[in-house]
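*Asks:* Would you be able to build a 3D model of this:
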Amino acid sequence: MHWGSTSQDVIDTALVMVTRRSLALLDRDLGRLIASLLALAERHGDAPVLGRTLLQPAQVVSFGFKLVGWIAPLVRGRQRLRQAGRAALKLQLGGAVGTLAVMGDRADAVAHRLADLLQLALPPGAWHAQRDEMAALACELGVLAGSLGKIAKDISLMAQGEVGELAEPSGGGRGGSSAMPHKRNPVASMVALAGAMRAPHRVSALLAAMAQEHERGLGNWQAELAETAGLHVAVHGALSALAEVAGALQVDAPRMLRNIDALQGLVFAEAVSMRFAQRIGKARAHALLEQLSQQTVASGGHLRDATLAALQADQTLRAQIGAEEVSALFDPARAAQRAIDIARPQLDALAEAASAQHEQPWAAWCAS
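*Replies:* This next block holds a predicted model:
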């Protein structure tokens, strides 16, 4: 087993083989998660929902528009992970300094035979101190962890009781509290966020370990082992948690509408201002809507009513803009239409791309 090779050959090849198994699990569960989110878009994609920027209500979009922001990085990440995996999953066999010198003229035949037996790619030479492809794979895992964390963050925020637009599936003790019977905790999002939070530190350590001495490093490639294992555990933990619940996420479209309405029509202020600007100029329209918005907040009323009252009181304005035209600007379904029109072709393209990814390159090494 060790005739003419070296300890790093054994350890790196073992690392590659368990990495292959991990990538098989990651690829499988990425497919599950993408399919579940696409199905969610099919069922609820046209539902109007608040778009939020800087954690504040901004404009009305569609739930499908939000789902595009979740799915697209996963589809791209799956493809990049496959590319990085194919580059990194290769035999390590170089002997003491990478030349296999003690095997003499049998070295190439031994390397070919071993690569065939282990079903690994045969590189042109040893990569003892060339850690770029393993590091690139680690970086892709870190990026995937970030994409999963973004999804988990959005779900957890939308699942807050005072928001109530999404809910993770419950039952069987899932998401309950040992102290508060009423609670419904987003535990899958919690697991995913915990994994996503740990991943960058692992990636950073693996990048730091790339500066290796001469033909074989001292302490740095040895440090990779624990960091690589921890990275894969963190990323797959996040992924499997989300894949488990994504298909059963509960979407409360009526609550989404109520949250829009609870903002007193203020999220439509920009649309109204831009429409008025076409008739009375941008500066005057902006000043008018700013004044009406402040009035709405102070009175607790609705911006639509304040705008219609201002329209009725201004004969010049009334002659240029009809009341029905103004009222239509406050329709959430109409406001979401642009987001729907943008999201639909993207979702179709993502579904097509996901379908093209149906072959799982490492499926044979999935855990049973």
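
*Asks:* max-length helix in this protein?
*Replies:* Secondary structure of the chain per DSSP state H: the longest helix is helix 7-44.

*Asks:* Counting neighbours, which bits of the very next helix or strand once past that one end up buried?
*Replies:* Using DSSP states H and E, the helix or strand that follows helix 7-44 in sequence is strand 48-53. Of the residues in strand 48-53, those buried by neighbour count under the rule 16 or more other Cβ atoms under 10 Å are 48, 49, 50, 51, 52. Bear in mind the C-beta positions are built from the backbone N, C-alpha and C, glycine included.

*Asks:* give the contact list for residue 5.
*Replies:* By Cβ atoms under 8 Å, 6 or more residues apart in numbering, the contact list for residue 5 reads 93, 94, 95, 100.

*Asks:* rerun at 7 Å
*Replies:* In this structure, residue 5 makes contact with 93, 95, judged by Cβ atoms under 7 Å, 6 or more residues apart in numbering.

*Asks:* Specify the local secondary structure of it.
*Replies:* Secondary structure assignment for residue 5 (DSSP: H, G, I helix; E, B strand; the rest coil): coil.

*Asks:* distance of it from residue 354?
*Replies:* Plainly put, residue 5 is 41 Å away from residue 354 if you go by Cβ to Cβ, to the nearest Å.

*Asks:* Next: residue 361.
*Replies:* The spacing between residue 361 and residue 354, counted by Cβ to Cβ, is 15 Å.

*Asks:* what's the closest non-adjacent residue to residue 80?
*Replies:* Ranked by Cβ to Cβ, 6 or more residues apart in numbering and with sequence neighbours excluded, the top spatial neighbour of residue 80 is residue 140, at 5.2 Å.

*Asks:* quick revisit: pull out the buried residues from the longest helix of the chain.
*Replies:* Under the neighbour-count criterion of 16+ other Cβ under 10 Å, helix 7-44 has 8-9, 12-13, 15-16, 19-20, 22-38, 40-41, 44 buried.

*Asks:* Next up, the contacts around the residue nearest to residue 80.
*Replies:* By Cβ under 7 Å, 6+ apart, residue 140 lies in contact with 77, 80, 81, 84.

*Asks:* if we can go back for a sec, who has more neighbours, residue 361 and residue 354?
*Replies:* Here residue 361 and residue 354 are compared on neighbour count by other Cβ atoms under 10 Å; more neighbours surround residue 354, at 19 against 15.

*Asks:* Let's see the pLDDT reported for that one.
*Replies:* Reading off the confidence values, residue 354 has pLDDT 96.

*Asks:* Then residue 144?
*Replies:* We have a pLDDT of 98 for residue 144.

*Asks:* Is it in contact with residue 234, as I believe?
*Replies:* No - applying Cβ atoms under 7 Å as the test, residue 144 and residue 234 come out as separate, 10.5 Å apart.

*Asks:* neighbours around residue 117, how many?
*Replies:* The burial count assigned to residue 117 is 9, neighbours taken as other Cβ under 10 Å.

*Asks:* can you give me the mean pLDDT across the helix or strand containing it?
*Replies:* In the assignment (DSSP H and E), residue 117 maps to helix 107-118. Mean pLDDT, taken over the full extent of helix 107-118, equals 96.
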